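Trainee: Structure for the following, please:
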Amino acid sequence: MASHPELQAEQEYVERAYERVDELRAQARERLETALRQRGGTPQAVTERDMIVRTALHRLEQLDLGGQPLCFGRIDLADGQSFHLGRLAVSNADQEPLIVDWRAPVAEPFYRATGRHPMGLWRRRHFATEGRRVVSIEDEVFSADGDADGDGTDSDGNAGHSLVGPGALLAALDRSRSGQMRDIVATVQREQDEVIRSELAGVLVVQGGPGTGKTAVALHRAAYLLYTHRFPLERQGVLVVGPNRLYLSYVEHVLPSLGETGVVLTTLEGLVPGARVRAAEGRLAARVKGDARMADVLARAVRDRERPLRRALEVGVDGVVLRLGVRESGQAVAFARRRAGTHNARRRHVERWLARHFQDQYGQSLERRRRLVQEATEDDLEGFELEGFELQSPAPAGEEGEEVWPRIRHLPKVAEALDRMWPLLAPEELLHDLYGAPPLLELAADGKLDDAERAVLHRDRSSSLDAIPWTAADLALLDEARVLLGPRRLRAREEDEIRTYGHIVVDEAQDLTAMQLRMLARRSLSGSMTVVGDIAQATGPFAPDGWEEVSKHLPGNPPPRLAQLTVNYRTPEEVMDVASRVLAEVAPHLRPPLSARSTGVAPTFRPTSTASLAATVAGVAEREMDEVRPGTTAVIAADSELAAVEEALGAAGVDFAPADRKGLDAPITLLAVSVVKGLEFDSVVVVEPARIVDEEVQGLRALYVALTRPTRRLTVVHAERLPRSLAGSSSVAPRSYESTLRP
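Mentor: Take a look at the predicted model:
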């Protein structure tokens, strides 16, 4: 194949850009070293030095390409201008641009131009590179009559169905996978770019089937928003929330490869300090804890702890008996309830009411004593002295009770009464007490939960707060309680406060419960969120029929916007034909995305005996590893099969690793089906589909997820009867995803 006539010229241009990056990196390193050599000086000099160090380190992070290509394309405009595009902006010594950042407005036509809508382009060029070397060029030439020549897009202009730079795209799709997600900055397609560049305000919900790149698009959107809205978002922060820690390790390199290192990546568990998931729970308990009704149950549980005394309180000071009756204690509680603020913050209003109440009693008692002394005869005074009356008493304190209340508030009986009326509570204490005391649970859940639902919430009390076996579903309840209660200290430390962010990205949002969605929504500073997922892949306790069931728990002003990704770039057509049968059975109203490519390799079904299942899996996995080397192979199974398969893989001596302990870097990775969402592998071995269907909460949907992980090859190994959808073709005609979206 003849090389492109401009290959050498483009190589020289790209080399100049790399040389400039090297210069900029050397300059930043020199500034850093100079600043670090400085010692002492005035406070201002120290501050300036620290600022130089931070700036230089940040610049070095930006200029670290991590082995990724600097430049991947070029656009030539009809007016004669041309721009080379890359993952970061590079200018020469005269500040003339050499490389334009892919996020800049001028780069938009590179991703969106079609034959019918060229957006001012006459040519779009894609580079294939190896290190710093440009190895090939792909051109798309646009003509004035709305057509495109070469290997480019067709002329229909339909978003999502014409591939931008198909040669570069398919080459990227055919590359072997590794244990880390790669960015797609060089091959972003039109419908993906529309999501990435969507406006910041409000909630953007992105529906995307398997392989549509929704995770990559969400991460690129975070990078784009940081570039476009740098001033507010760098200060306010951007948060990315994933379904599990394996997912985080898989995607953690994407944003740094795009020049963004300040984004916070976490799971839901990482948002709840001090609580660690130690236990699992049944399906009903998970459903109840995730239901939006629990917000009312917790609010009522807090209110139930704000209560009057059971019996009157009496305390003596300076010979005066101060009394707080049951009715008065109820007035103090009602006074605090009418005030704004969290539960713990409003305790000061109870103390304020009690201080005035006791001060009034104290002052009135002293006043009566003065009048009694003034009106008494000399004989009466002698009688008072004989009976032990104290004739000299301090004058009444101020009306706020500055003297009396501080003197009695720490007395055991007073402190006990105050804690009875309005205890200071931590979220862990509230939830532990609620689960461990059926009367409290019945009081808080009356009219909200039925008997069976209350019963699954009950849990024996633990010996200490540190020993409580929290579950994943408990975390959102602890967070809700944290908001209701507020910090226990009046002057809370920063870590006691819930941090908010300028933008939040949420992946696999279809699996989140109402309480988890509330937990994320309260961390949004202005309601700006990107929520991505696939209704068909909902495998959690709740499986929503549409995104309306999800978005109603998220900020609603402005109303959420809905977008679709319709093309599957990962899963070959042959594999999707099999997976679609499962989807047609579990959700006949949904249609899978259109596969962008075919490999010519049909999925393989390998029957075996129950006794030989694990050994057969090991043999199949080893052969698949050889077929896709140096790519990745995944063995996906239900929890009950993992131990036997792991033992068989070890006995066979193959190079494998359990994902939960060693990540995704081995040639063969063994995974539970519950953690494979969002991941992709060159070859996938699905073990015993019937077990997956039986053991998972949404069994058929979990099977659909497992079947759609491969980029090249799929093998199904089974001893039990296959689910009906895999045993033959489904006669159900699926409809479009659009039925789940109501703009």
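
Trainee: quick one, longest helix in this protein?
Mentor: Counting by DSSP state H, the longest helix found in the chain is helix 7-37.

Trainee: following that helix, which helix or strand shows up next?
Mentor: Sequence-wise, the next helix or strand downstream of helix 7-37 (DSSP states H and E) is helix 43-63.

Trainee: Would you mark the buried spots in that following helix?
Mentor: Buried residues in helix 43-63, counted by 16 or more other C-beta atoms under 10 Å: 49, 52-53, 56-57, 59, 62-63. Quick note: C-beta positions are derived from backbone N, CA and C, even for glycine.

Trainee: Would you mind measuring from the closest residue to Leu594 other than its chain neighbours to Gln537?
Mentor: In this structure, Leu594 finds its nearest non-sequential neighbour in Val567, 5.5 Å apart by C-beta to C-beta, 6 or more residues apart in numbering. Distance of Val567 to Gln537, given as C-beta to C-beta, to the nearest Å: 16 Å.

Trainee: same thing with Arg230?
Mentor: 34 Å.

Trainee: Over to Thr500?
Mentor: Here Thr500 is placed at a distance of 29 Å from Gln537 (C-beta to C-beta).

Trainee: Tell me which stretches of the stretch 551-700 of the chain form strands.
Mentor: 561-565, 567-568, 594-595, 604-607, 633-637, 656-658, 668-672, 681-687 (DSSP state E, counting those that start in this stretch).

Trainee: Partner strands of the fifth one, with direction?
Mentor: Sheet pairing of strand 633-637 (DSSP bridges) gives strand 668-672 (parallel), strand 681-687 (parallel).

Trainee: out of those, which comes closest to Ala426?
Mentor: strand 668-672 (33.2 Å; C-beta to C-beta).

Trainee: How about residues contacting the closest one?
Mentor: With contacts defined as C-beta atoms under 8 Å, 6 or more residues apart in numbering, strand 668-672 is touched by 179, 246, 621-622, 625, 632-639, 642, 645-646, 649, 654-660, 679, 681.

Trainee: Let's see that with 7 Å instead.
Mentor: For strand 668-672, contacts defined as C-beta atoms under 7 Å, 6 or more residues apart in numbering pick out 621, 625, 632-637, 639, 642, 645-646, 649, 654-659.

Trainee: Narrow those residues to those that are buried.
Mentor: Among the contacts of strand 668-672, those classed as buried by 16+ other C-beta under 10 Å are 621, 625, 632-637, 642, 645-646, 649, 654, 656-659.

Trainee: circling back: quick check: which of the strands paired with strand 633-637 is nearest to Arg713?
Mentor: So among these, strand 681-687 is nearest, using C-beta to C-beta, at 4.1 Å.

Trainee: more crowded one of Thr500 and Gln537?
Mentor: The neighbour comparison of Thr500 against Gln537 (other C-beta atoms under 10 Å) goes to Gln537, with 23 against 14.

Trainee: pretty sure the more buried one is touching Gln510, no?
Mentor: Yes: counting by C-beta atoms under 7 Å, Gln537 touches Gln510, with 6.5 Å between them.

Trainee: okay, and for the stretch 451-600 of the chain, where does confidence drop off?
Mentor: For the stretch 451-600 of the chain, the stretches with pLDDT under 70 are 490-496.

Trainee: can you give me the helices for it?
Mentor: Taking DSSP state H, counting those that start in this stretch as the criterion, the stretch 451-600 of the chain carries its helices at 451-457, 472-485, 514-521, 548-551, 573-586.

Trainee: quick one: contacts for the residue nearest to Val628 when sequence neighbours are not counted?
Mentor: Nearest residue to Val628 in three dimensions, chain neighbours excluded: Asp682, at 3.9 Å (C-beta to C-beta, 6+ apart). Listed by C-beta under 7 Å, 6+ apart, the contact partners of Asp682 are 176-177, 628, 631-633, 710-713.

Trainee: Find me the pLDDT at His229, would you?
Mentor: On the pLDDT scale, His229 is placed at 96.

Trainee: Same check on Glu400?
Mentor: 40.

Trainee: Name the next helix or strand downstream of the worst-scoring helix or strand of the chain on mean pLDDT, please.
Mentor: One helix or strand of the chain scores below all others by mean pLDDT, DSSP states H and E: strand 147-150, with a mean of 51. Next helix or strand after strand 147-150 toward the C-terminus (DSSP H and E): helix 166-174.

Trainee: Output that next one in CSV, but only the C-alpha positions, please.
Mentor: Presented in CSV, the C-alpha positions along helix 166-174 are these (Å, rounded to 0.1, in the frame of the first residue of the first chain):
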residue,chain,number,x,y,z
PRO,A,166,-14.1,5.0,10.0
GLY,A,167,-10.6,3.8,9.3
ALA,A,168,-9.1,5.2,12.4
LEU,A,169,-12.1,4.2,14.5
LEU,A,170,-12.1,0.5,13.3
ALA,A,171,-8.3,0.3,13.8
ALA,A,172,-8.8,1.5,17.4
LEU,A,173,-11.6,-1.0,18.0
ASP,A,174,-9.5,-3.8,16.7
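
Trainee: That concludes my questions; thank you for your assistance.
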